[in-house]
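S.K.: Sequence first, then the predicted structure:
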Amino acid sequence: MKRLLDLYCRALKWIAVLLLFIMVLLVFGNVVLRYAFNSGITVAEELSRWLFMWLTFLGSIYALREHQHLGTDTLISRLPPRGRQLCLIVANLFMLWVCWLIFSGALAQTRLNWNVTAPSSGFSLGWFYSAGIVFAVSAAVILIEQIIWLVRGNIPRSATAEEQA
């Protein structure tokens with residue numbers, strides 16, 4: 001499972017690079033067209049907003065897998081190994097619950113907006129909200145893997161030790 005998640009996150013990293021590249025092309029191209037030719041790409045602003053939102057969610061999945069989100073380990077680093085294990089399991093369970101909340105909300109929004117079209121592009125707004133579904137499912141799988149890892153007794157000394165594991 002670890003290898004599969006590593007491959008998935010590596011693919012997410014390249015997809016994020018591609019999304020950022022397309023976003024830069026759209027925004028820069030639109031700026032040049034507006035100032036130099038007094039015209040523009042009609043869908044550029046809308047698509048760049050969509051790409052930025054997808055980039056944020058996909059980047060969050062990658063950051064979760066690589067333990068790159070901000071956090072403090074002041075309390076956890078002072079606890080004995082069993083206390084650390086318990087705190088990290090509880091924290092991961094809370095994050096799993098938040099994933100469920102994001103999933104259910106994003107699923108509801110996707111269903112509500114599937115037949116609603118965006119003003120400039122005409123794409124379904126369901127694609128916009130489905131990024132939350134992708135994030136929630138992916139993050140839940142990563143969190144479940146981390147919980148299994150913790151239950152098996154792989155307890156990091158601190159956040160930096162967890163990054164190296």
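M.R.: That came in fine, so what should we check first? None of the values given here were measured: they were computed from a predicted structure.
S.K.: And the pLDDT at the residue nearest to residue 1 when sequence neighbours are not counted?
M.R.: Ranked by C-beta to C-beta, 6 or more residues apart in numbering and with sequence neighbours excluded, the top spatial neighbour of residue 1 is residue 145, at 5.9 Å. For the C-beta atoms, the positions are set from N, CA and C on the backbone; glycine is no exception. Note on residue 145: pLDDT of 93.
S.K.: burial of residue 145, as a residue count?
M.R.: Residues near residue 145, counting by other C-beta atoms under 10 Å, number 16.
S.K.: quick one: it and residue 38, what's the gap?
M.R.: Distance of residue 145 to residue 38, computed by C-beta to C-beta, to the nearest Å: 53 Å.
S.K.: Repeat that for residue 86.
M.R.: Residue 86 is 63 Å from residue 38, by C-beta to C-beta.
S.K.: Who has more neighbours out of the two?
M.R.: Per other C-beta under 10 Å, whichever of residue 86 and residue 38 has more neighbours is residue 86, with 15 against 7.
S.K.: Provide a list of residues in contact with residue 30.
M.R.: Shown in contact with residue 30 (C-beta atoms under 8 Å, 6 or more residues apart in numbering): 40-41, 44-45.
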